[in-house]
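K.L.:
Need a 3D model of the following:
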Amino acid sequence: MIDKQLWRIVLFIFGLAYFFSVGFSVFQKAALDLYQTFTYSNLVFQQTINYITKLVFLVFAVRLTARMIQYQWPWPRSLFTHAFLLFAFAGFSAFSLMLLSHYLFSSEYTISVASWLNRLSIGLTFNYFIYLATVSIVYAYLYSKKQEAQALHQSALSRQLADTKLLQLQNQLRPHFLFNTLNGISAMIEEDPLHAQDAIADLSGLLRYSLHLKDKKLISLEKEIEVLRKYINIIKLRFDEKIFFDFIVDDYLNQAAIPPFLLQPLVENIIIHAFDAHHTVVHVSIKVSLLESSQKLLISIENNGAPLVRSIKEGTGLSNVKERLKTIYGVDAEFDLTQSEKFVIATILIPYTKLPVDHTNQNAAIKSHIVS
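P.N.:
Here you go, the predicted structure:
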């Protein structure tokens, strides 16, 4: 549970305390005429051994504090334990210093309770400071790490939920699209059986293609338009010269990343609502451009069909598009359906990102085309 970074921080703080203590002792000997029985080398050596004994105790305290946090000790128990360790640390440090002074430097320093209490009182404040500073660092560091781990876990859960929701939305769209398309083909069967057969073949190819894209959150704009053209081929078999499509897309945007089947529900919505007694021929313009100022991809689909009727309940296709945009992009995506003087305009604004060119899939597609 204790990583190297925490040990580095603890040792750094402990090192500062050590150098401060050594420097202050040398200053006291040089300027205040203290420690006259010690040489400078003996003084530094004594402080070094003293701080090594302190470090042994603090290593134990750090590990115990980490266990308190790990096993979530109740605060009264933790408080009592630290109060005990705080006094034990000061007592241990005073006892170690007493032994060092007696055995290493001068027989004048006796081992007695009075000598121990004297050293305990002299170093009590500074030893408390070292202990509390060390333990506070451990608490602060480990709690920050715990919060960071919880944040990462929460972020992973949020991504999983978003992916699950997106998958549900994409699965919702497929049967909706399939039923509507089959209804359109069924209307062709009696009027034009040959075109109906062609439509079924096109639908079969489109469904195979959609299965290939089922696990992808984003695909290239080029791929999306390729899928849309397959859907348009089915529409044209039914409506023939009653509907026309124009694509205005710059080639450099081919690898722009967008959600799969984003445009098809919007075109499907036009098929459902654009035709009426006054609008028997519909022109649809699909435009994609890049807004350089905001680095956002602007997709607009215009049609000159029946005017927009706000009272009509929003269908599955449009609500699905909105939900998927919200799930993938959050507040960075915009969707709007408006009526101009002559056109109904669906507008999508999403952040512009590029997908890498997948040469493997391109080569596989070429081989598949050659074989077929």
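K.L.:
quick one, helices of this protein?
P.N.:
4-31, 40-70, 75-100, 113-189, 193-212, 221-239, 264-273, 316-329, 359-371 (DSSP state H).
K.L.:
for this protein, what are the low-confidence residue spans?
P.N.:
Where the chain drops to pLDDT under 70, the residues are 1, 104-109, 156-178, 180, 213-215, 311-313, 357-372.
K.L.:
Could you chop it up by domain?
P.N.:
Residue ranges for the domains of the chain, per automatic domain parsing: 4-153, 190-371.
K.L.:
These: which one's closest to residue 181?
P.N.:
domain 190-371 (5.7 Å; CB to CB). Glycine gets a C-beta too; all of them are placed from N, C-alpha and C.
K.L.:
quick one: the closest one to chain centroid distance?
P.N.:
Taking CA atoms, centre = their mean, to the nearest Å, one finds domain 190-371 lying 29 Å from the centre of the chain it belongs to.
K.L.:
How about stretch 138-147?
P.N.:
20 Å.
K.L.:
ok so, going back, pipe the domains of the chain into CSV and attach distance to residue 181 and mean neighbour count per row.
P.N.:
Listed next are the domains of the chain as CSV, based on distance: least, CB to CB, whole Å; neighbours: other CB atoms under 10 Å:
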stretch, distance to residue 181, mean neighbour count
domain 4-153, 42, 15
domain 190-371, 6, 15
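K.L.:
Ok, which of those domains comes nearest residue 179?
P.N.:
Among the domains of the chain, the nearest to residue 179 by CB to CB is domain 190-371 (9.9 Å).
K.L.:
re the thing from before, could the helices of the chain be laid out in TSV, adding distance to residue 253?
P.N.:
Shown next, in TSV, are these (distance: least, CB to CB, whole Å):
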stretch	distance to residue 253
helix 4-31	45
helix 40-70	52
helix 75-100	59
helix 113-189	23
helix 193-212	21
helix 221-239	6
helix 264-273	18
helix 316-329	17
helix 359-371	18
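K.L.:
Out of these, the one nearest residue 309 is which?
P.N.:
helix 264-273 (7.5 Å).
K.L.:
Alpha carbons only: can I get the closest one in PDB?
P.N.:
Extracted in PDB, the C-alpha atoms of helix 264-273 (Å, rounded to 0.1, in the frame of the first residue of the first chain):
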ATOM      1  CA  GLN A 264     -29.600   7.500 -42.000                       C
ATOM      2  CA  PRO A 265     -32.300   8.300 -39.400                       C
ATOM      3  CA  LEU A 266     -32.400  11.900 -40.600                       C
ATOM      4  CA  VAL A 267     -32.900  10.800 -44.200                       C
ATOM      5  CA  GLU A 268     -35.500   8.300 -43.100                       C
ATOM      6  CA  ASN A 269     -37.300  11.200 -41.300                       C
ATOM      7  CA  ILE A 270     -37.400  13.100 -44.600                       C
ATOM      8  CA  ILE A 271     -39.000  10.100 -46.400                       C
ATOM      9  CA  ILE A 272     -41.700   9.900 -43.700                       C
ATOM     10  CA  HIS A 273     -42.600  13.600 -43.400                       C
END
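K.L.:
helices and strands around it, which ones?
P.N.:
For helix 264-273, the packing partners by 3 or more CB pairs under 8 Å, 6 or more residues apart in numbering; DSSP states H and E come out as helix 113-189, helix 221-239, strand 282-291, strand 296-303, helix 316-329, strand 344-351.
K.L.:
again, only this time at 10 Å
P.N.:
helix 113-189, helix 221-239, strand 243-249, strand 282-291, strand 296-303, helix 316-329, strand 334-339, strand 344-351 (3 or more CB pairs under 10 Å, 6 or more residues apart in numbering; DSSP states H and E).
K.L.:
Out of the ones you listed, flag the one nearest residue 43.
P.N.:
Nearest of those to residue 43, taken as CB to CB: helix 113-189 at 15.2 Å.
K.L.:
Contact partners for residue 254?
P.N.:
Listed by CB atoms under 10 Å, 6 or more residues apart in numbering, the contact set of residue 254 reads 220, 221, 222, 223, 225, 288, 354, 355, 357.
K.L.:
Surely residue 120 is in contact with residue 91?
P.N.:
Yes. If you go by CB atoms under 10 Å, residue 120 and residue 91 touch, sitting 6.0 Å apart.
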